[in-house]
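1. turn this into a model:
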Amino acid sequence: MDHKQFYKKYLNLGLRGKEKSAKWYDEDNLKNIGMFNDNIKHKFVSETIKKFKKSGNVLEMGCNDARLATYLDGFKFYGQDISPRVVERAKIKCEAKVGDAYLPKWLDIMFDVIVSSDLIEHLERPFDHIKACFDSLKDNGIFVLLTPNALSARKLALLSNLDRIPPEPDNHINMMTYWRLIRLLSNVGFKRLTWVGVKPEIDDMLMVVCEKNDKRKDRTANSDK
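-> Coordinates of the predicted model:
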């Protein structure tokens, strides 16, 4: 297998496939209830948020069952997800609504914090998702984004034995690298980026905290091309 074949099969740096439907995620979430324990991740995300904000309105896009809300006492938490099934579970913990990743459903609220965790890799239009989050933040609000790293150290270390590298899941249609994510966030208008991790350009997960700058210049969706 040459490098071009490797990049195509394993790294998926370009858009591959269509976004999955709400019905697909409903069925997937039903199959996987109880299979995943993200408590460590949610605790880490909540501790990171508290380093920047002590209170305020928090929106999690792609909230699943809104487990993050249980770690953010003192914040007003809102959750949005495309899957009606998980939104019903999220309503136990917070105010939650069904919606896609491109338009927050609370048009009358500006948020202090917006979280996008393990979401952007599922989207056909990542620029539009980030811009929607940017536009819904208060000035000096923060955007917390986590996504798998297409060029993680683990994958690169396995280059000599490609059979050991599992392809990305079918619903991971738009994988990010450190450099591509920087470009997207900057083009939307985020100016202050704080990377969380030892070496974010090679970690398995990319996690960044971005502060909204109220002196943003207008940008266009063509900036990612």
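2. quick one: contacts for residue 90?
-> Shown in contact with residue 90 (CB atoms under 8 Å, 6 or more residues apart in numbering): 63-66, 69, 79, 81, 96. Any C-beta I mention is one placed from the backbone N, CA and C, and that applies to glycine too.
3. weed out the non-buried ones from the residues you listed.
-> Buried by 16 or more other CB atoms under 10 Å: 63-66, 69, 79, 81, 96, out of the contacts of residue 90.
4. looking at the residues you listed, which one is closest to residue 88?
-> Sorting the buried ones among the contacts of residue 90 by how near they are to residue 88, with CB to CB, puts residue 96 at the top with 8.2 Å.
5. check the closest residue to residue 196 other than its chain neighbours and give its pLDDT.
-> The shortest distance from residue 196 to any non-neighbouring residue, by CB to CB, 6 or more residues apart in numbering, is to residue 207 (4.3 Å). Per-residue confidence (pLDDT) for residue 207: 88.
6. got it, and residue 81?
-> Confidence score, pLDDT, at residue 81: 94.
7. state the distance from it to residue 61.
-> 8 Å (CB to CB, to the nearest Å).
8. and what of residue 151?
-> 24 Å.
9. and those two? Which one has more around it.
-> residue 61 (27 against 19; other CB atoms under 10 Å).
10. bridging residues for that one?
-> For residue 61, the beta-bridge partners under DSSP bridges are residue 80, residue 116.
11. greatest separation within the contacts of residue 90: which pair is it?
-> Farthest pair in these, by CB to CB: 69 and 81, 12.6 Å.
12. all strands in this structure, in order from the N-terminus.
-> Ranges of strands within the chain are 56-61, 75-81, 95-98, 111-117, 137-148, 192-195, 205-211, based on DSSP state E.
13. show the average pLDDT along stretch 97-115.
-> pLDDT averaged over stretch 97-115 gives 95.
14. on that earlier part again, turn the strands of the chain into JSON lines, including distance to residue 42.
-> Shown next, in JSON lines, are the strands of the chain (distance: least, CB to CB, whole Å):
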{"stretch": "strand 56-61", "distance to residue 42": "10"}
{"stretch": "strand 75-81", "distance to residue 42": "12"}
{"stretch": "strand 95-98", "distance to residue 42": "16"}
{"stretch": "strand 111-117", "distance to residue 42": "8"}
{"stretch": "strand 137-148", "distance to residue 42": "11"}
{"stretch": "strand 192-195", "distance to residue 42": "19"}
{"stretch": "strand 205-211", "distance to residue 42": "13"}
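15. which parts of this structure are helices?
-> 3-6, 22-32, 39-52, 84-90, 126-135, 153-157, 178-188 (DSSP state H).
16. pick out the shakiest of these, pLDDT-wise.
-> When I compare the helices of the chain, helix 3-6 is least confident, with a mean of 49.
17. fine, thanks again, bye for now.
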